[in-house]
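Colleague: sharing a model prediction with you, sequence too.
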Amino acid sequence: MIRHACWTAAALSVLALLAGCSGPDTTAVPTEGAAPFVCDGVSARGVELALGGAAVAERTEGSWAEGERFSCAVTREQGSGTIMVTSMPVDQGGTWGSDENSIQSTLASQGGAERITSGGDGIGYVFAQGSAGWVCPGRLTLVVLDDMSTAKRDQRADARALLVSMLPWACGGEKVPARTVGK
């Protein structure tokens with residue numbers, strides 16, 4: 001009887017320890033894009049932190065090249081969560097506007113819009129529950145986090161950091177890092 005009580009106490013202690021260790025990873029999403037990349041220019045580490053687990057590119061289209069439109073949809077391998085990255089020429093902004101000034105005004109007028117501080121060229125805002133947009137001469141880049149219930153993180157902070165991590169190639173003239181994951 002005593003031996004059974006000791007094993008039960010030991011098992012409960014291990015479970016309590018494991019329960020205390022589990023929970024969302026609160027590591028900040030890096031604001032610098034680094035390899036590996038789940039899509040061209042989209043850091044796997046950043047999206048995996050934001051999604052709360054391993055990520056896979058569900059769909060990629062186009063390219064970051066000047067005058068072209070790029071989109072990448074990344075989902076969590078297990079559980080829910082999607083991150084959509086879109087970058088396009090300003091004149092293809094559609095409902096966002098057709099020039100830098102109109103897009104900037106539209107971004108600033110979104111619900112809960114807060115200006116993003118970054119050394120990058122242009123201006124950006126984080127808004128809603130997990131969206132961020134940046135406009136610079138000739139280019140609009142958007143990051144949208146959707147159905148992130150399993151991640152239990154600050155979606156606005158994650159969207160902001162993911163967007164800032166892409167500014168060197170979206171607006172800074174740096175070469176876009178190629179996809180290295182899942183090729």
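Modeller: Okay, I see it.
Colleague: list the residues that contact the closest residue to Ala159 other than its chain neighbours.
Modeller: The shortest distance from Ala159 to any non-neighbouring residue, by CB to CB, 6 or more residues apart in numbering, is to Ala132 (4.1 Å). For glycine as for every other residue, the C-beta is placed from the backbone atoms N, C-alpha and C. The contact partners of Ala132, taken as CB atoms under 8 Å, 6 or more residues apart in numbering, are 116, 124-126, 142-143, 156, 159-160, 162-163.
Colleague: of the residues you listed, which belong to strands?
Modeller: Counted as lying in strands by DSSP state E, out of these, are 116, 124-126, 142-143.
Colleague: quickly find the element holding the residue nearest to Leu163 when sequence neighbours are not counted.
Modeller: Excluding its sequence neighbours, the residue lying closest to Leu163 (CB to CB, 6+ apart) is Ala132, at 4.1 Å. Using DSSP states H and E, Ala132 sits in strand 131-136.
Colleague: give me the sheet partners of that strand and which way each runs.
Modeller: strand 123-127 (antiparallel), strand 139-146 (antiparallel) (DSSP bridges).
Colleague: low-confidence regions, this protein specifically.
Modeller: Scanning the chain for pLDDT under 70 picks out 1-24, 150-151.
Colleague: JSON lines for the strands paired with strand 131-136, including distance to Val38?
Modeller: Converted to JSON lines, the strands paired with strand 131-136 look like this (distance: least, CB to CB, whole Å):
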{"stretch": "strand 123-127", "distance to Val38": "21"}
{"stretch": "strand 139-146", "distance to Val38": "13"}
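Colleague: these: which one's closest to Gly112?
Modeller: Closest to Gly112 of those, according to CB to CB: strand 123-127, at 5.3 Å.
Colleague: mind listing residues that contact the closest one?
Modeller: With contact meaning CB under 8 Å, 6+ apart, strand 123-127 is reached by 104, 107-108, 110-116, 118, 132-136, 156, 159-160, 163-164.
Colleague: just the buried ones from these?
Modeller: Using 16 or more other CB atoms under 10 Å as the burial test, the contacts of strand 123-127 include 104, 107, 110, 113, 116, 118, 132-136, 156, 159-160, 163-164 as buried.
Colleague: of all those, which comes closest to Gly93?
Modeller: Using CB to CB, the buried ones among the contacts of strand 123-127 come closest to Gly93 at Val135, 8.2 Å.
Colleague: of the strands paired with strand 131-136, which approaches Thr75 most closely?
Modeller: strand 139-146 (9.6 Å).
Colleague: using CSV, write down the CA coordinates of that closest one.
Modeller: Once non-C-alpha atoms are left out, strand 139-146 reads as follows in CSV (Å, rounded to 0.1, in the frame of the first residue of the first chain):
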residue,chain,number,x,y,z
ARG,A,139,5.4,48.3,-53.0
LEU,A,140,2.7,47.2,-50.6
THR,A,141,3.4,44.2,-48.3
LEU,A,142,0.7,42.6,-46.0
VAL,A,143,0.9,39.9,-43.3
VAL,A,144,-2.4,38.4,-42.0
LEU,A,145,-2.6,35.9,-39.2
ASP,A,146,-5.8,33.9,-39.2
